[in-house]
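# need a 3D model of the sequence below.
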Amino acid sequence: MCASLSGVASLILPQAETEAILESRLSELGVRVERDCELTRFHETRDGVHSTIAFGDGSVSEVQSRYLVGADGAHSIVRKTLDIPFEGRSYDWTAFLGDVQLHGHHWAGNWPLW
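Model prediction:
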């Protein structure tokens, strides 16, 4: 989706679509994405990274990998463990995001904000 806000063009791709694209490519490479799990701790080893993963059913798994990518947000266990500050900023307002279909009046070619 491409929207124009006051003459500024924005390219917007819903997070679900981004995840689907990434998961599809990982699948092509033979990697299975696991959900309902959480990285609880990790440490560097001579051969890479040793990680502990907790699953929703209460089980725990130990994983040895060459790399660890911390893509888990501002309150990341990776950021916390490595003492990496979040350089961004918080907003003093609340936003809700939803995938909805609106019928009725809309601005053609523009993204209305409510």
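# am I right that residue 62 is in a helix?
No. With DSSP: H, G, I helix; E, B strand; the rest coil as the criterion, residue 62 is assigned strand and is not in a helix.
# so what's it bridging to?
residue 52 (DSSP bridges).
# thought it was touching residue 51?
Yes. Here residue 62 reaches residue 51: they are 7.4 Å apart, a contact under C-beta atoms under 8 Å. (Each C-beta comes from the backbone N, C-alpha and C, glycine too.)
# what is in contact with the two at once?
Common neighbours of residue 62 and residue 51, counting by C-beta atoms under 8 Å, 6 or more residues apart in numbering, are absent.
# this structure: strands as residue ranges?
Along the chain, counting by DSSP state E, strands occupy 2-5, 8-11, 37-45, 48-55, 60-65.
# from the chain's centroid, how far away is the third one?
What separates the centre of strand 37-45 from the centre of its chain is 17 Å, taken as C-alpha atoms, centre = their mean, to the nearest Å.
# tell me what it is packed against?
Judged by 3 or more C-beta pairs under 8 Å, 6 or more residues apart in numbering; DSSP states H and E, the packing partners of strand 37-45 are strand 48-55, helix 77-82.
# and these, which one's lowest on average pLDDT?
When those are ranked by mean pLDDT, helix 77-82 comes last with a mean of 92.
# for that helix, output the C-alpha coordinates as PDB.
Provided in PDB are the C-alpha atoms of helix 77-82 (Å, rounded to 0.1, in the frame of the first residue of the first chain):
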ATOM      1  CA  ILE A  77      16.500  -9.700  26.400                       C
ATOM      2  CA  VAL A  78      19.300  -9.200  23.900                       C
ATOM      3  CA  ARG A  79      19.500  -5.500  24.600                       C
ATOM      4  CA  LYS A  80      19.300  -6.000  28.300                       C
ATOM      5  CA  THR A  81      21.900  -8.700  28.500                       C
ATOM      6  CA  LEU A  82      24.400  -6.800  26.300                       C
END
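# what comes up buried for that helix?
Within helix 77-82, the residues that count as buried by 16 or more other C-beta atoms under 10 Å are 77, 78.
# what comes into contact with stretch 33-52?
Contacts of stretch 33-52 (C-beta under 8 Å, 6+ apart): 23, 26-27, 53-57, 60-68, 72, 77-78, 81.
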